Each structure stands twice: as structure tokens, then as C-alpha cells.
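[1] here's a sequence, model it:
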Amino acid sequence: QVQLVESGGGLVQAGGSLRLSCAASGRTFSNYAMGWFRQAPGKEREFVAAIGWIGTSYYADSVKGRFTISRANAKNTVYLQMNSLKPEDTAVYYCAADRLIATMTKGGGDYWGQGTQVTVSS
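    Numbering: from 1, shown residues only. The predicted model follows:
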């Protein structure tokens, strides 16, 4: 089992920045690809970004150039730096872990956090 706890969400004005963190515990963190997903009201959950255990990263087209995913294996933590935020980025953001990064880019994940709310005002 892998337990994931997100933090760092909040309310920010359009154009602003936030950094989300996801602390993992349980099995060996470095064995897992880590990812971020989001779900806006009335919409399906969507892939945002993922990072492999050696640092290879993937992004949804909607966030490329604005969001950066990173991981600190020594701290069992993955981050999502979000810059130039837009109102359409408003959603609950979820952290996920999976053995395969390919699974995440297709929307899946073995383990999920409880989510953190990000609200971007216009």
C-alpha cells in the first residue's frame, strides 16, 4: 500500500502561482511513477502531469509550459509547480502513484490521495 497526502491548494488570482505537494508513505517511493490529476465540477477527472522514477515527465497539452512536476525521492514527495494560473485550472487536484508511467498518462493509477482544492479567480 502507498498512502498519499496532498497539500498546497488554495485560492489564487488568475496569473498567480501555487505549488502542490504530495507526501507518500508505505512502499518504496522511488519504485513508483507519480502523477497529478484534476477534476472540475461536472467534468471527468483528467491527467495533468506525471513523472517517472528517473525523472522523465509528461504533461497534458493544457498545462505545458505553465506547470512543472518534480519529485524528491529522499523526501518521498512529489510537487506540482503551477504558474500563470487560469480560471479553467480550477479543480480538485489529486496525486496518484503507479508502477507504470504509461498507465498514468492514460488516466489510471494504483493509489490516490484525497485531493486538494485549487480555485483560480478571474
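
[2] use CA for all of it now, contacts and neighbours both
    OK.

[3] all helices of the chain, in order?
    For the chain, the helices defined by DSSP state H cover 101-105.

[4] pick out the residue nearest the middle of it.
    In the chain, the centroid-proximal residue (CA atoms, centre = their mean) is Trp36; its distance is 2.2 Å.

[5] hmm, it is touching Val48, no?
    Yes. If you go by CA atoms under 8 Å, Trp36 and Val48 touch, sitting 5.4 Å apart.

[6] and the residue nearest to the centre of the chain, bridged to which residues?
    Ala49, Cys95 (DSSP bridges).

[7] tell me which helix or strand in this protein has the weakest average pLDDT.
    helix 101-105 (a mean of 90; mean pLDDT, DSSP states H and E).

[8] in the chain, which spans are strands?
    Using DSSP state E, the strands found in the chain span residues 2-7, 10-13, 18-26, 33-39, 46-51, 57-59, 67-72, 77-82, 91-98, 111-112, 116-121.

[9] list the residues that contact the nearest residue to Ala33 once chain neighbours are set aside.
    Closest residue to Ala33 apart from its sequence neighbours, by CA to CA, 6 or more residues apart in numbering: Gly52 at 4.4 Å. Contact partners of Gly52, counting by CA atoms under 8 Å, 6 or more residues apart in numbering, are 32-34, 101.

[10] how about the nearest residue to Gly109, chain neighbours excluded?
    Asp98 (5.0 Å).

[11] please apply the same query to Ile69.
    Leaving out its chain neighbours, the residue that sits closest to Ile69 by CA to CA, 6+ apart is Leu80, at 4.6 Å.

[12] what sits against the one you found?
    Per CA under 8 Å, 6+ apart, neighbours of Leu80: 19-21, 36, 67-70.

[13] if you rank those by neighbours, which is first?
    When neighbours are taken as other CA atoms under 10 Å, the top entry among those is Trp36 (29 neighbours).
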